[in-house]
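Participant: pasting a predicted model and its sequence here:
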Amino acid sequence: MLSQRYSRWIGIIGGLALIVTGSGRPVQAWAEPTNSTSTVDSQQKEASKKTKITALDRTQAVRGARLTFSTEGTDWPSNPEDIQVLLDGTVAGTAASIDSQGFDFIVPGCSPSYVPLGPHQVEVKIGNPPVSVGMAAGARQLEILPRNGGTAPKITGAFPVPTYPNPKGKTKRYDNLRIQGEGLAQDACDNEVILGSERVEICWEGTGCSSGITGKLVAAGHTIQLSNISPLDHELDNLKIRVGTQESEPVNMRLSRISRDAPIRLSLLLGLLVFAAVVVLGGRRNSQTIGRKNYGLISRIFIDAETETYSLSKFQFFLWTLVAVLAYLYLAISTWLVQGKLDFLEVPKGLPAIVLISAATTAIAQWTQSTKGPKGAGGLYPTMSDFVSVGGVVVPERFQFFLWTLLGAGIFLFLSFLRDPGTISELPEVPPGFLELMGISSIGYLGGKLARKPGPVIDQISPADRTVAGFLILTLTGRCLSTAATFRIRSVQNGQETTPEEIPANFVTVTPKKPEEPGMDPTLVKELELKIQLPNPTPAWANGKAELTLVNPDGQFATLTFQ
């Protein structure tokens, strides 16, 4: 009875307190302080009591494998997406499926969030906000293994060697670097590319990134293809592939800092600078005037000073010298700037012999000309035909020598420039058979100079001081002027040229003046006087500027203008 009476009074007092506060809520002063942390902690404690992971079917798995977590408890979510699996504190994904016995989880691949190979701490959270659940000790570890069959990676080739930067765009980039190998991980992100001691950060295809070095697996997973590599990204060094804890043996790999055609352009530029220096040292004041044309140093390199024609012996000597210099510069630049080897390079076999043959041929040709006499001067101006002709007459041995000189020099330079700057170690070897052929051609060329008569060269044509009515008297000064020569003449005035006219033999009287050197053909002289009978009416060439051509009996000729 007493307890009932007290309880009635307690109820009355409580009701009065509610009326005084004006609400049905407890008085704030009596409430216990709360915060979010304590709420989450309490939720975790409750979850750990009502949910628990008892086992993980395996602790090692490759990417894409399905793992099964065994569970117990009554408060597991019905939606798989409400179950999160964390590896080393990072969300690796959600459950793939769930039932009363547990749930399945797919080991993440390269995207959307990359989880590296190796062992990881496993944690599971449920709900929203997510809270951790209790886990048995055997379910707390997971090691992700590479999908490469367990074999160590091995590089079987890297192409191209070296890799040249793509010249397109403002910034040069390396594209299409292909690394072939065995034991590569079939998940691209598990292949670490190492240049020297530096790990290359790669944006793998399908991972969602779009900047930096891009890479993808091709050829059924046996080739890694890399693109968009900056020349400043990596030093030139060896290449290795690492998959997990296994690493391949290094192979030679080089990222060239210059483009594929840069050695060719640089060698041509340096060769041009060398010849430009020769021109500057030679000076413009040493230019040569032939007829009405002025010839600079470059042309005069090939012009014979006595005959004022292009010299074949000089041409083949300077051509082979130029080709040898350009090829050697290409080899040196490729070795130094592409391959990174600072060596003094060997001269290729056979090239010194070619240069020796050219130099000896030139020297003997000059000696032959000084002792036996020059070739015919031919036309008024030097032309390319001078290389295969003497005095305007084409001769076979000169044609053969000229042809083999062009062919040999062109092939040697072409084969040199065709070799890859990253792999070239020596210049093409000149075969012995070609050396023999060049020697035979040189002998034939020199033999022709010795066997052939010298040709005419006219240095000056001077009208005589005396005059004879009805005659034109001229004095021809030069070398190897035949007393049995024939003559052609034409008018050249104000840029107008008439057709050459053959002077009949009975219209011209030839008087020899100065004989050639003793021992030479007595019919050849250094000076002739021509007394030409003028036809009626007086031809145009008899007044003003004219051009006279002297033709020796063997067909060699020389031409010069006179007033």
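Facilitator: Yes, it's here. Since we're looking at a predicted model, the values are computed, not measured. Residues are numbered from 1 along each chain as shown.
Participant: what's the helix or strand for Phe103?
Facilitator: Phe103 belongs to strand 102-106 when assigned by DSSP states H and E.
Participant: what are the pairing partners of that strand, and which direction each?
Facilitator: As defined by DSSP bridges, the strand partners of strand 102-106 come to strand 66-73 (antiparallel), strand 97-98 (antiparallel).
Participant: Trp336 is nearest to which of these?
Facilitator: For the strands paired with strand 102-106, proximity to Trp336 was assessed by Cβ to Cβ; strand 66-73 is nearest, at 56.4 Å. C-beta coordinates here come from the backbone N, C-alpha and C atoms, glycine included.
Participant: rewinding a little: show the subsequent helix or strand relative to the strand holding Phe103.
Facilitator: Per DSSP H and E, the first helix or strand lying C-terminal to strand 102-106 is strand 118-126.
Participant: tell me which residues of the strand holding Phe103 come out buried.
Facilitator: Applying a neighbour-count criterion of 16 or more other Cβ atoms under 10 Å, the buried positions in strand 102-106 are Gly102, Phe103, Phe105, Ile106.
Participant: just to revisit the earlier point, which of the strands paired with strand 102-106 sits most buried?
Facilitator: Highest mean neighbour count of the strands paired with strand 102-106: strand 66-73, a mean of 18 (counted as mean count of other Cβ atoms under 10 Å).
Participant: got the angle for that one vs strand 118-126?
Facilitator: Regarding strand 66-73 and strand 118-126, their directions subtend 40 degrees when assessed with axes from the mean of the first three to the mean of the last three Cα atoms, to 10 degrees.
Participant: after strand 66-73, next one along is what?
Facilitator: For strand 66-73, the following helix or strand on the C-terminal side (DSSP H and E) is strand 83-87.
Participant: contact partners of that following strand?
Facilitator: 76-77, 91-95, 98, 103, 105, 115, 120-126, 130, 142 (Cβ atoms under 8 Å, 6 or more residues apart in numbering).
Participant: buried members of the residues you listed into ChimeraX, please.
Facilitator: If you want just the buried ones from the contacts of strand 83-87 in ChimeraX, going by 16+ other Cβ under 10 Å, the selection is:
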select :76,92,93,95,98,103,105,115,120,122,123,124,125,126,130,142
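Participant: output the buried residues of strand 102-106 in a markdown table, with distance to Thr511 and pLDDT appended to each entry.
Facilitator: A markdown table is the format used below for the buried residues of strand 102-106 (distance: Cβ to Cβ, whole Å; pLDDT from 0 to 100):
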| residue | distance to Thr511 | pLDDT |
| --- | --- | --- |
| Gly102 | 129 | 94 |
| Phe103 | 126 | 96 |
| Phe105 | 119 | 96 |
| Ile106 | 115 | 95 |
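Participant: and the strand holding Phe103, how far out from the chain middle?
Facilitator: Here strand 102-106 shows a centroid-to-chain-centroid distance of 55 Å under the convention Cα atoms, centre = their mean, to the nearest Å.
Participant: could you do stretch 507-515 as well?
Facilitator: Per Cα atoms, centre = their mean, the displacement of stretch 507-515 from the mean C-alpha position of its chain is 65 Å.
Participant: buried stuff in that stretch?
Facilitator: Within stretch 507-515, the residues that count as buried by 16+ other Cβ under 10 Å are Val508, Val510, Pro512.
Participant: which one of these sits closest to Ala305?
Facilitator: Pro512 (25.3 Å).
Participant: now the helix or strand in which the closest one is found - C-alpha only, PDB.
Facilitator: With elements delineated by DSSP H and E, Pro512 resides in strand 508-515, which encompasses its position. Below are the C-alpha coordinates for strand 508-515, written out as PDB (Å, rounded to 0.1, in the frame of the first residue of the first chain):
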ATOM      1  CA  VAL A 508      93.200  31.300-146.000                       C
ATOM      2  CA  THR A 509      97.000  31.300-145.700                       C
ATOM      3  CA  VAL A 510      98.600  29.900-142.600                       C
ATOM      4  CA  THR A 511     102.000  31.000-141.600                       C
ATOM      5  CA  PRO A 512     103.600  29.400-138.500                       C
ATOM      6  CA  LYS A 513     105.500  31.700-136.100                       C
ATOM      7  CA  LYS A 514     106.600  30.000-132.900                       C
ATOM      8  CA  PRO A 515     107.100  26.200-132.800                       C
END
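Participant: ok, and what's touching that strand?
Facilitator: Strand 508-515 is contacted from outside by 475, 483-485, 487, 522, 524-533, using Cβ under 8 Å, 6+ apart.
Participant: can you do 6 Å?
Facilitator: The set of residues external to strand 508-515 that reach it, using Cβ atoms under 6 Å, 6 or more residues apart in numbering, is Thr483, Phe487, Val525, Lys526, Glu527, Leu528, Glu529, Leu530, Lys531, Ile532.
Participant: just the buried ones from these?
Facilitator: Neighbour counting with 16+ other Cβ under 10 Å marks Thr483, Phe487, Val525, Lys526, Glu527, Leu528, Leu530, Ile532 as buried within the contacts of strand 508-515.
Participant: no more questions from me, cheers.
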